[in-house]
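Undergrad: What shape does this take:
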Amino acid sequence: MAKKDLPVIKVRKISVTISAILLIIGFASFFVNKGFNKGIDFESGLSEKIQVAPVGLEVTYNGDDDATLSVSNGDLVLETRGTNGVQEQTFAVADNPTAGDLAQAMNAADIGLTVTADEASLDSSTLISGYGFPATLSENATQINFAVGGDIKIDQIRDALTDLGNVQVQTVGDESNQLFSVRVGTSEEDTQATLEKAVSDDFASAFGEGQFVVLESNFVGPRFSQTLISSSIYAVLVAMVLILLYVWFRFHIAYALSSIIALCHDVFLLLGFISLFRFEVSSTTIAAVLTIIGYSLNATIVIFDRVRENTELMKGSSFQDIIQHSVSQSLTRTIMSSVTTVLAVLPLAILATGNIQLFAINMIFGICVGTYSSNFIAPSFLYWISGGKKVIEKKNEDK
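TA: Okay, the predicted model is just below:
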């Protein structure tokens, strides 16, 4: 029987050595990279997605009704509200393939619009709406930008924002799209309005007034980010303590300590992986960590439950053989559960974007690490902590 079982205890020193090396790599990357790449959730400041794009149309309105202009399914939609109720008119891109065609169609509508085409040849399908849309029309011109690509480099964006101090800039997608992610650090006196204005002023000075569109803007104050960080740490610690008490109550203190060590192993390896590849740490990361804790614990409990059963069934065997036989009995179930879960998450890791993609990538790595720790690390520490003795029998004798 022993020859057919997975030699978990016999290779425990190798398993722990591999884990130690991976943990050292993770800790080293943390210090080399000077901490995590914290998202806007955990690092106070302003986060914006800005696209550099020329102005194609300028729209003014001198009618008596209230008028708003929006972009819906790529088409321009004008909505007016007045004594005659709400009226809506769509200027379809399919019918007006250029900015000049759109301007002509909107002027011909005879509803108080005056539309000027700054660059009449621009492709209408590339028009974009930003943070200021739907736009309320008035006698002051509303500018409509078109994403036509360009040759502005990321270094030019960084140079334009140097006066703001703590600034991080990244290219989003292909560089030809001229779409950039900008993160600006904040201090106690900064507000969202002041930071947004400072960024817009710098872009206007560098690339021209109105020659860019703010697609997304998020702001987190220093106090909120600190509260979120402390709450996330408390959530993980409370989960660990409750798990310790649960496993101690159900099994034995040796099992509880082994489970906690394995879970800490999983959490630190996942954080080291995130640090090494500079993935963004956000509230989604905490969700992934807590999910992996639950997943890994479930696999560990299944194995420990089998160890407890086999302790009674294999009274003539050593505790090493009992553990190895228990792991081998549960191995097929554990691997199949891990593989099916990875297959379910894999499409998100490949096809999704943003936080959902990062969550999926963290989950896949965490599942692999959790499967490894449940079958190798937790049983190894159970054997070490118990001193190779059958702790379940000892507990029963105490009763």
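
Undergrad: Any stretches of the stretch 1-150 of the chain with poor pLDDT?
TA: 1-3, 40-44 (pLDDT under 70).

Undergrad: what are the ranges of the strands in it?
TA: Along the stretch 1-150 of the chain, counting by DSSP state E, counting those that start in this stretch, strands occupy 37-38, 45-52, 55-61, 66-72, 75-82, 85-91, 113-117, 127-128, 135-136, 142-146.

Undergrad: In the sheet, which strands lie alongside the fifth one, parallel or antiparallel?
TA: When pairing is defined by DSSP bridges, strand 75-82 lines up against strand 66-72 (antiparallel), strand 85-91 (antiparallel).

Undergrad: and if you look at the last one?
TA: Using DSSP bridges, the neighbouring strands of strand 142-146 in the sheet come out as strand 55-61 (antiparallel), strand 127-128 (antiparallel).

Undergrad: quick one, which of the ones you listed is packed in tightest?
TA: Most buried of these, by mean neighbour count (mean count of other CB atoms under 10 Å): strand 55-61, with a mean of 22. Where C-beta positions appear, they are placed from N, C-alpha and C, glycine not excepted.

Undergrad: Keeping just the C-alphas, turn that one into PDB.
TA: Coordinates of each C-alpha in strand 55-61 appear next as PDB, following Å, rounded to 0.1, in the frame of the first residue of the first chain:
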ATOM      1  CA  VAL A  55     -12.000  68.300 -32.200                       C
ATOM      2  CA  GLY A  56     -14.200  67.500 -35.200                       C
ATOM      3  CA  LEU A  57     -17.400  69.400 -34.500                       C
ATOM      4  CA  GLU A  58     -18.400  72.400 -32.400                       C
ATOM      5  CA  VAL A  59     -22.100  72.700 -31.600                       C
ATOM      6  CA  THR A  60     -24.000  75.700 -30.300                       C
ATOM      7  CA  TYR A  61     -27.700  76.000 -29.600                       C
END
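
Undergrad: That one vs strand 113-117, what angle?
TA: Interaxial angle, strand 55-61 versus strand 113-117 (axes from the mean of the first three to the mean of the last three CA atoms, to 10 degrees): 160 degrees.

Undergrad: Which pLDDT value goes with residue 381?
TA: Per-residue pLDDT puts residue 381 at 92.

Undergrad: contacting residues around it?
TA: Residue 381 sits next to 257-258, 261-262 when contact means CB atoms under 8 Å, 6 or more residues apart in numbering.

Undergrad: mind redoing it with 10 Å?
TA: Applying CB atoms under 10 Å, 6 or more residues apart in numbering to residue 381 gives the contacts 12, 16, 254-255, 257-262, 265, 373.

Undergrad: Checking it next. Helix, strand or coil?
TA: Here residue 381 is recorded as helix under DSSP: H, G, I helix; E, B strand; the rest coil.

Undergrad: any idea which element the residue nearest to the spatial centre of the chain lies in?
TA: With distances taken as CA atoms, centre = their mean, residue 355 lies nearest the centre of the chain, 2.6 Å away. Assigned by DSSP states H and E, residue 355 belongs to helix 354-372.
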